[in-house]
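Trainee: Here's my sequence, what's the structure:
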Amino acid sequence: MQVNWTPRDRVIENEFEAVAYHAYKTAERVKAKAIVCITRNGNTALRLASFRIPFPIIAVTFTAQTQRRLSLVRGVNSLLLDINPALDEVLPVVKDKLGSYSWLKSGDSIVFITVTLSPVGREASNLLTVQKLGEPS
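Mentor: Alright, predicted model coming up:
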């Protein structure tokens, strides 16, 4: 039977979408158990959720307001950090907190992503990395 439509390739319009989309594709390729995004306002988690990713998105945030907002988004679990570590210190802290999820086991691959919308500022940085739980960062 011939189909009268074909799926279109997703149009990537900016760096933010590119990093988020390729985090999803990387997670798919390495068979990750989850994508963990570090987000202040929830924008990264919202962008990832818009791709209808077939595995969990764990949004790590630093405010209860953002955590409440993300609790309404399909496919997103939010994790509130009561500290605000620097970017180079956040991965070990988050990996330690992920142990509270019973469906994540040592050795599982996870994709970490953080996207900074503004290129100005001391902490402006994009991050995309694949990590295994139970291994040093």
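
Trainee: In the beta-sheet assignment, what are the partners of residue 111?
Mentor: Using DSSP bridges, the beta-bridge partners of residue 111 come out as residue 35, residue 130.

Trainee: err, residue 78, not the other one
Mentor: Residues in a beta bridge with residue 78, per DSSP bridges, are residue 59.

Trainee: Correct me if wrong: it contacts residue 64.
Mentor: No: with the criterion set as CB atoms under 8 Å, residue 78 and residue 64 do not qualify as a contacting pair; they are 9.7 Å apart. Just so you know, the C-beta spots here come from the backbone N, C-alpha and C atoms, and that holds for glycine as well.

Trainee: The two: which has the busier surroundings?
Mentor: The residue with the greater number of neighbours, taking residue 78 and residue 64 and applying other CB atoms under 10 Å, is residue 78; the counts read 20 against 11.

Trainee: need the contact list for the more buried one.
Mentor: Contacts were defined as CB atoms under 8 Å, 6 or more residues apart in numbering; by that measure residue 78 touches 45, 58-61, 66-67, 70-71.

Trainee: Now for this protein, the helix or strand with the poorest mean pLDDT.
Mentor: helix 87-97 (a mean of 78; mean pLDDT, DSSP states H and E).

Trainee: State the distance from the residue positioned nearest the centre of the chain to residue 16.
Mentor: For the chain, the residue lying nearest the average C-alpha position, counting by CA atoms, centre = their mean, turns out to be residue 37 (2.7 Å). Residue 37 is 12 Å from residue 16, where distance means CB to CB, to the nearest Å.
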